[in-house]
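>>> below are the sequence and a predicted model; questions follow.
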Amino acid sequence: MNMFKWIVIPAFAVAACKDPPSPPEQASESTRTGHVPTPTAVEPREAASAERRGKASPNADSTKFPFGYYDVSGRGAALDFCQVLRDRPGIECDTGERVIRWDGILDLGYAGTGQMSDANGDGRGDFCRCVGDAPSVRFSCLLASSDGFAKEQFGFDPPGRRDCDALNTPKDPPPAPTPVPATRDPQTAQPTSQPPSSCTPGNTSSCSCGAARGQMLCDARGRFGPC
């Protein structure tokens, strides 16, 4: 007897066992149009800041402090040009967007002591310098804020600053002139008056010799004779 039997499986059943076809892959933009998109350029922050950089005024006095770039607007970079102008008193800083100005008779302080530093810790440069008279010279600041400069030019004295100590140190007085010893009359031992070192011929001058007083005559050489 034959032990094997043939089993007939319908064709549609075999087809049903196959994996379903994958969906067609979508074409990318570069495949459809033939154009590769350019990445969007991001402007560097430094370049954006450079556009808002202040400028010096034609009337700026470069011989006086301040004259240069500082940070009075609090942007974290020295982009504001601060200067003293020739045609008006005070100080002004051009931020590139606006001009911050302090009008009035500004005390620029002692030469070489000016600073544009953050005196009160708000991130803005303040105009500071040594002012006053010895022995009370002090380091005082005109503060900058978001609204511009403060009204009072001596509005803030940073505590603990010793920038002006040298200006309060007393200087040694000039040496006293050496006294000229007086001559003495050999008989009375009394001081005698000293005639001038030169004179006009013919002129006379009073003199004394001990208790006696007399006149000296200026000779042709321009020197006084004996008393």
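Thanks, I have the structure now. Numbering: from 1, shown residues only.
>>> what's the neighbour count on residue 201?
Neighbour count for residue 201, taken as other CB atoms under 10 Å: 11. All C-beta spots, glycine's among them, are computed from the backbone N, C-alpha and C.
>>> what's the answer for the one 4 residues further on, then?
When counting by other CB under 10 Å, one arrives at 15 neighbours for residue 205.
>>> do residue 128 as well
24.
>>> show me what contacts it?
Going by CB atoms under 8 Å, 6 or more residues apart in numbering, residue 128 touches 114-117, 119, 139-142, 158.
>>> against residue 161, how distant is the closest residue to it other than its chain neighbours?
Setting aside the residues directly before and after it, residue 128 is nearest to residue 141 in space (CB to CB, 6 or more residues apart in numbering), at 4.0 Å. Relative to residue 161, residue 141 is positioned 9 Å away (CB to CB, to the nearest Å).
>>> please apply the same query to residue 148.
The gap separating residue 148 from residue 161 is 24 Å, by CB to CB.
>>> mind listing what the residue nearest to residue 128 touches?
119-120, 126-128, 154-158.
>>> let's go with 6 Å and repeat that
119, 126, 128, 156 (CB atoms under 6 Å, 6 or more residues apart in numbering).
>>> neighbours around the closest residue to residue 164 other than its chain neighbours, how many?
Excluding its sequence neighbours, the residue lying closest to residue 164 (CB to CB, 6+ apart) is residue 130, at 3.9 Å. Using other CB under 10 Å, residue 130 is surrounded by 22 other residues.
>>> which strands border the strand or helix carrying residue 130, and is each parallel or antiparallel?
For residue 130, the element it lies in under DSSP states H and E is strand 126-131. If you go by DSSP bridges, strand 126-131 pairs up with strand 115-117 (antiparallel), strand 138-142 (antiparallel).
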